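> A structural model of the following input is requested.
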Amino acid sequence: QVQLVESGGGLVQAGASLRLSCAASGRTFSTLSTGWFRQAPEKEREFVAAIRWDGISTNYADSVKGRFTISRDNAKNTMYLQMNRLKPEDTASYYCAARGTSYGSVYRNEYEYHYWGQGTQVTVSS
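Prediction:
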């Protein structure tokens, strides 16, 4: 089992920055590829960014490329999402997710992930 807890969300103005954290406990986090997803009201959950278990490879949604950076610190069992130049359309609940199978690659599809956090709200005002 893996427990994931997100933090770092909040209310900011457009153009501001936030850093989300995802703290993991339980099973060996360092062997699991992970990702961030988000869901806005009345919209489907969508992929934001993903990172390979060793941090070597990353992948981003086009909408956040160049503004968001995903990273992880396996020594701290924590994944991060640095969000810069935030826009009102970034407003959503942000969820971290971890694969259920060790190692592998980078995954954009939410069905590739087995463990999910409860989410943290990010609201960007114009």
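> CA atoms for contacts and neighbours, from now on please.
Noted.
> Make sure Q13 is actually in contact with V122.
No - if you go by Cα atoms under 8 Å, Q13 and V122 don't touch, sitting 10.7 Å apart.
> And the two? Which one has more around it.
V122 (22 against 14; other Cα atoms under 10 Å).
> mind checking which helix or strand the more buried one is in?
strand 120-125 (DSSP states H and E).
> Outside of that strand itself, which residues are in contact with it?
Strand 120-125 is contacted by residues 6-14, 86-95 when judged by Cα atoms under 8 Å, 6 or more residues apart in numbering.
> Just the buried ones among those residues, please.
Buried subset of the contacts of strand 120-125 (neighbour count, 16 or more other Cα atoms under 10 Å): 6-7, 9, 12, 14, 86-87, 90-95.
> picking up where we left off before, direction included, what does the strand holding V122 pair against?
strand 10-13 (parallel), strand 92-98 (antiparallel) (DSSP bridges).
> can you put the buried ones among the contacts of strand 120-125 in CSV and add distance to Y60?
As requested, the buried ones among the contacts of strand 120-125 are exported to CSV (distance: Cα to Cα, whole Å):
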residue, distance to Y60
E6, 19
S7, 20
G9, 19
V12, 22
A14, 20
L86, 15
K87, 16
D90, 14
T91, 17
A92, 17
S93, 17
Y94, 14
Y95, 15
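> Out of those, which is nearest to S33?
Distance to S33, by Cα to Cα, is smallest for Y95 among the buried ones among the contacts of strand 120-125, at 14.4 Å.
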